[in-house]
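Engineer: Would you be able to build a 3D model of this:
(one chain, ligands or ions: 2)
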Amino acid sequence: MSPPTHHFDFVVIGSGIAGLSFALKIAPRFRVAIVTKRWAAESNTNYAQGGIAAVTGGDDSVELHVKDTLAAGAGLCRETVVRQILTEGPSRVAELIELGMRFTEEEGESPDGERHFDLGREGGHSRRRILHAKDATGREIERALLAGVAAQPNIRVFEEHFAIDFITTRKLGHSGENRCVGVYVLDKAAGRVETFACRSVLLATGGCGKVYLYTTNPDVATGDGVAMAYRAGARVANMEFVQFHPTCLYHPKAKSFLVTEAVRGEGGVLRTVDGVEFMDRHHPLKSLAPRDVVARAIDSEMKRTGAAHVLLDITHKPARFIIDRFPNIYQTCLKFGMDITKEPIPVVPAAHYQCGGVVATVDGETAIAGLLAVGEVSCTGLHGANRLASNSLLEGLVCAHRAAEKMLAAPPDFSELQMPDWQLGKAQNADELVVVSHNWDEIRRTMWDYVGIVRTTKRLERAQKRIALLQEEIQQYYWDFVVASDLLELRNIATVAELIVASALQRAESRGLHYNLDFQKADPAWAQRDTILSRAR
Ligand code: FAD
Ligand code: SIN
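Structural biologist: Ligands and ions are numbered 1, 2, ... in the order given. From the prediction side, this is the model:
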């Protein structure tokens, strides 16, 4: 029997802040499928700690937020995009609150009867402007958005469904404009590939932290969206700018646990394992310097001392304050036998955020008609060469709204094209599954060792050769066997690794997050120049 073909007005791939926000906005008029590869809440969004950066008054202004964002972006942000997103941010945040999002409020009675939110501070921000829900902001965002989705009859959520590839007119053999008309999706439980036909696909698959051995990201972050879009002919930009978060918990049993930058915002100090403060030797803002500077400083201190980690110390603050402000971190560390009110936290840098991605406008439009990209998967020009902390949730929220407005104003037509079923491969040979896990490890280790915080051209070239060999092997394996999600993810991380390395090799300078010892300075010739990759056809 042939697998079902689903018909929806819009198919949204991903259930983080970008995908859910778009679905909620479009659903009053259109039928929407949300396809997500694990359970609905599982996403980078769900693990966000620090919060959402948005100007909410007091001594702050959009102009200051713009200035901070441009400074972090190291000459590569698109200023018009930065202004649009940061100006619209406060209204979108207000809508989120209306939907039911509970941000932490200031303690005590409000003098004017208004609600006042507690504003956090993070590296690179000249003002306190981070709205947060204690130190588990993302969990609360997902709760609020998913409650909204549950109340919307026009939305159907397909959990444990893995988007494989877009169906485009070009792939169907039609000439003229390349248009996305649907997507092939693996129903993991049924083990079959289904066809989703729609007016437009919204890609909101988040980032690619899992391309690296050590990451703050959950397992779902395998860069599927960038790989799919690249295969389909979209343009991909600035993939060399991988943001490493300076402070991921260092503990053999802690997998990918972040210690929010807000800990430093509240006075936390970085020290070597001997207890010596070191950031004063690296930047005037010390522990609150921009993220790229802090990550590089930690990397250099670890190399200098030979230690496996550094320490983040907030023990000088009252225990009650620490437990109340950072309950998630306090409880998690306690589980691992550490009381952060009494002892410093062992931390290391880890891959955290993809600043590049599928080239998209602030309305989500890409080079392929019918394919929108919003959130971490996209590259709009907001982040430039280095994202300012807590600007990404905001980008997802604002661009999802704008994409929905655009679709509501001028909805694309349904395509009348016949879409063939996905061609399944042969039976799976269980003996060979070891290849998948081996290749996974090899790519992630190669990326960590050769394409990490500090790069050299020689190491990048070495990585390029290894990844090319692995890709050949994966391609062979992919065509020979039945599709399974771990194999699909492997193919995608290999593609994303290839794109990161190719972009890093192109950029013959050091700028923002891309630091190459062979070109240690920023080259003015590269200012405002994106590294764009697109598959030759
Ligand atoms: P995500 O939230 O990552 O959602 C992607 C979705 O796509 C997931 O549901 C995933 O399962 C699904 N998916 C992926 N591939 C497929 C596929 N092939 N088929 C079907 N579904 C698929 N940013 C901030 O602004 N402030 C913070 O405080 C902050 N803290 C962070 C803390 C951590 C630990 C991490 C990891 C990130 C943090 N970030 C923060 C970054 C921010 O969380 C993300 O950039 C943002 O949430 C991305 O949202 P998104 O909707 O684009 O993608
Ligand atoms: C953090 O809480 O440190 C993460 C903030 C971010 O990545 O924007």
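
Engineer: which residues does residue 520 contact?
Structural biologist: residue 510 (CB atoms under 8 Å, 6 or more residues apart in numbering). The way it works is simple: take the backbone N, C-alpha and C, and place the C-beta from them, glycine included.

Engineer: How many residues are close by residue 512?
Structural biologist: 25 (other CB atoms under 10 Å).

Engineer: Against residue 462, how distant is it?
Structural biologist: 23 Å (CB to CB, to the nearest Å).

Engineer: what's the answer for residue 380, then?
Structural biologist: Distance from residue 380 to residue 462, by CB to CB: 32 Å.

Engineer: who has more neighbours, these two?
Structural biologist: Between residue 380 and residue 462, counted using other CB under 10 Å, the more crowded position is residue 380 (26 against 16).

Engineer: Hmm, the more buried one is touching residue 395, no?
Structural biologist: Yes - using CB atoms under 8 Å, residue 380 is in contact with residue 395, at 6.8 Å.

Engineer: got any residues that touch both of these two?
Structural biologist: Common neighbours of residue 380 and residue 395 (CB under 8 Å, 6+ apart) are residue 85.

Engineer: Mind telling me which residue of the stretch 51-200 of the chain is nearest ligand 1?
Structural biologist: Relative to ligand 1, the nearest point of the stretch 51-200 of the chain is residue 163 (3.6 Å; CB to the nearest ligand atom).

Engineer: so who does that residue touch?
Structural biologist: 13, 35, 37, 183, 184, 185, 205, 224, 228.

Engineer: doesn't residue 168 make contact with the fourth one?
Structural biologist: No - contact between residue 183 and residue 168 fails when scored by CB under 8 Å: they sit 9.8 Å apart.

Engineer: Can you list the buried residues in the longest helix that the chain contains?
Structural biologist: Looking across the chain with DSSP state H, the single longest helix is helix 457-480. Across helix 457-480, burial judged by 16 or more other CB atoms under 10 Å covers 459, 460, 462, 463, 464, 466, 467, 470, 471, 474, 477, 478.

Engineer: Helices of the stretch 151-300 of the chain, start to end?
Structural biologist: 224-232, 262-265, 291-305 (DSSP state H, counting those that start in this stretch).

Engineer: Distance check, residue 479 against residue 138.
Structural biologist: 38 Å.

Engineer: Look up the closest residue to the closest residue to ligand 1 within the stretch 251-400 of the chain, ignoring the ones flanking it.
Structural biologist: Of all residues in the stretch 251-400 of the chain, residue 375 sits closest to ligand 1, at 2.2 Å by CB to the nearest ligand atom. Excluding its sequence neighbours, the residue lying closest to residue 375 (CB to CB, 6 or more residues apart in numbering) is residue 18, at 2.9 Å.

Engineer: Just confirm the one you found is within a helix.
Structural biologist: Yes - residue assignment for residue 18, taken from DSSP: H, G, I helix; E, B strand; the rest coil, places it within a helix.

Engineer: quick one on the thing from earlier: report the contact partners of the residue of the stretch 251-400 of the chain closest to ligand 1.
Structural biologist: Counted by CB under 8 Å, 6+ apart, residue 375 has contacts 14, 16, 17, 18, 19, 204, 206, 392, 395, 396, 399, 400.

Engineer: Neighbours of the first one, how many?
Structural biologist: Residue 14 sits with 31 neighbouring residues when counted by other CB under 10 Å.

Engineer: Number of residues surrounding the residue nearest to it when sequence neighbours are not counted?
Structural biologist: Setting aside the residues directly before and after it, residue 14 is nearest to residue 204 in space (CB to CB, 6+ apart), at 3.7 Å. Residue 204 sits with 34 neighbouring residues when counted by other CB under 10 Å.

Engineer: how about residue 204, phi and psi?
Structural biologist: phi -140, psi 50 (degrees, to the nearest 10).

Engineer: any idea of the pLDDT on it?
Structural biologist: Looking at residue 204, its pLDDT reads 99.

Engineer: how close does it get to residue 18?
Structural biologist: Separation of residue 204 from residue 18 (CB to CB) stands at 4 Å.

Engineer: Find residues that contact each of those two.
Structural biologist: 374, 375, 377, 396, 400.

Engineer: Same list, the residues you listed, but as CSV with distance to residue 25 please.
Structural biologist: Putting the shared contacts of residue 204 and residue 18 into CSV (distance: CB to CB, whole Å) gives the following:
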residue, distance to residue 25
374, 11
375, 14
377, 18
396, 12
400, 7
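
Engineer: Quick one: buried ones out of the residues you listed?
Structural biologist: 374, 375, 377, 396, 400.

Engineer: Name the residues of stretch 405-415 that come out as buried.
Structural biologist: 406, 407, 412, 415.

Engineer: tell me the mean pLDDT over that stretch?
Structural biologist: Mean predicted confidence for stretch 405-415 is 94.

Engineer: which outside residues touch it?
Structural biologist: Residues contacting stretch 405-415 (CB under 8 Å, 6+ apart): 7, 9-10, 25-26, 29-30, 169, 179, 181-182, 197-200, 363-365, 369-370, 372.

Engineer: Which PyMOL command selects the buried ones in those?
Structural biologist: To isolate the buried members of these in PyMOL, using 16+ other CB under 10 Å:
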select buried, resi 9+10+25+26+30+169+179+181+182+197+198+199+200+363+364+365+370+372
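
Engineer: Filter the contacts of stretch 405-415 down to the ones in strands?
Structural biologist: 7, 10, 181, 182, 197, 200, 372 (DSSP state E).

Engineer: show me the contacts for residue 232.
Structural biologist: Per CB under 8 Å, 6+ apart, neighbours of residue 232: 165, 166, 168, 170, 171, 178, 180, 368, 371.

Engineer: What count of nearby residues applies to the closest residue to ligand 1 within the stretch 151-300 of the chain?
Structural biologist: The nearest approach of the stretch 151-300 of the chain to ligand 1 comes at residue 206, 2.3 Å away (CB to the nearest ligand atom). Close neighbours of residue 206, defined as other CB under 10 Å, add up to 32.
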